[in-house]
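S.K.: Sequence unavailable; structure follows:
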Ligand SMILES: Nc1ncnc2c1ncn2[C@@H]1O[C@H](COP(=O)(O)OS(=O)(=O)O)[C@@H](OP(=O)(O)O)[C@H]1O
């Protein structure tokens, strides 16, 4: 679909104390009443933290051998439905999830923890959360909003950075999101909290930890296949994982699989922006136990 056929960029509004656009609230009644199953795995992230990467890892771990045809025929956003999404170009996330016949169902959400449908907690589902350091996260989010017509206009970089610091992002403040899910581990022990930077550093180690959480014991060959298949370059050239088939995104502006690196923020932040951000960060990171790798 050409850009001219797309609806105008949506506006941010306050939704239960969180900044949102209508694409993620239009279907709210169904989202709220969504019926989770005990073996569902909820993949939760702040946008741009590595959702697609962990989704593909999980999909390969569970279905890489039993249903290899999934990998070449169904885009990742249908294999792993985005629960709250309600776009005009694909069926609503709740509908896609309800239609899944495979077990476990892998379901993606960007919702802050307090907005997650209660059935996930009632059914005691496993949750895999991935967090990414704030600086790389905001850079990735900026380029995403430039190319994704389902998000508000980002404006220029300094404007966007200020908005991030003010928490006026779709899905709310990064600080509340990463902290809220971190604290959820205290009451929901079936939460596995991962860091994008750790995955970049040693994916094999993180895969072992993830499998132990899931109760899976992949063979060496299987593990190698997952690690190779989910390399950044492989996913970038794979039309089933690179989002090239979703027409709300304009790849001429920026690709979905952009750089896949730690530390790209250094190419975006000025010295002054960095100092201001660091100061703001110290004030806003409320839980001292949640430590991100220092990105210098
Ligand atoms: N395999 C692999 N290895 C390393 N990095 C990867 C990988 N897959 C996706 N990415 C990077 O993750 C960023 C996209 O984040 P999400 O998938 O969470 O986006 S979304 O919220 O679902 O829209 C985006 O980050 P940036 O490149 O920094 O923009 C992707 O490039």
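M.R.: Received, thanks. As the structure is a prediction and not an experimental result, all values here were calculated from the model.

S.K.: Run through the residues that contact the closest residue to residue 73 other than its chain neighbours.
M.R.: Distances taken as Cβ to Cβ, 6 or more residues apart in numbering place residue 240 nearest to residue 73, at 7.6 Å, with adjacent residues excluded. Any C-beta I mention is one placed from the backbone N, CA and C, and that applies to glycine too. Counting by Cβ atoms under 8 Å, 6 or more residues apart in numbering, residue 240 touches 71, 72, 73, 74, 75, 76.

S.K.: how many neighbours does residue 58 have?
M.R.: 23 (other Cβ atoms under 10 Å).

S.K.: Doesn't it belong to a helix?
M.R.: Yes. Under DSSP: H, G, I helix; E, B strand; the rest coil, residue 58 sits within a helix.

S.K.: and the residue nearest to residue 73, which of the three is it?
M.R.: Secondary structure, three-state DSSP: residue 240 is coil.

S.K.: Look up how far residue 77 lies from it.
M.R.: The gap separating residue 240 from residue 77 is 10 Å, by Cβ to Cβ, to the nearest Å.

S.K.: likewise residue 190?
M.R.: Separation of residue 190 from residue 77 (Cβ to Cβ) stands at 25 Å.

S.K.: Looking at the two, which has the bigger crowd around it?
M.R.: More neighbours surround residue 77 than the other of residue 190 and residue 77, with 21 against 15 (other Cβ under 10 Å).

S.K.: ok, the nearest residue to the more buried one once chain neighbours are set aside to the ligand distance?
M.R.: The shortest distance from residue 77 to any residue other than its chain neighbours is 6.5 Å, reached at residue 246 (Cβ to Cβ, 6+ apart). When distance is defined by Cβ to the nearest ligand atom, to the nearest Å, residue 246 is 10 Å away from the ligand.

S.K.: confidence score at residue 246?
M.R.: We have a pLDDT of 86 for residue 246.

S.K.: For this structure, what lies in contact range of the ligand?
M.R.: 45, 47-53, 136, 140, 143-144, 230, 232, 235, 257-260, 264 (Cβ under 6 Å from any ligand atom).

S.K.: and the residue of the stretch 101-250 of the chain found nearest the ligand, how many residues sit next to it?
M.R.: At 3.3 Å from the ligand, residue 140 is the closest residue in the stretch 101-250 of the chain, using Cβ to the nearest ligand atom. By other Cβ under 10 Å, the residues close to residue 140 number 23.
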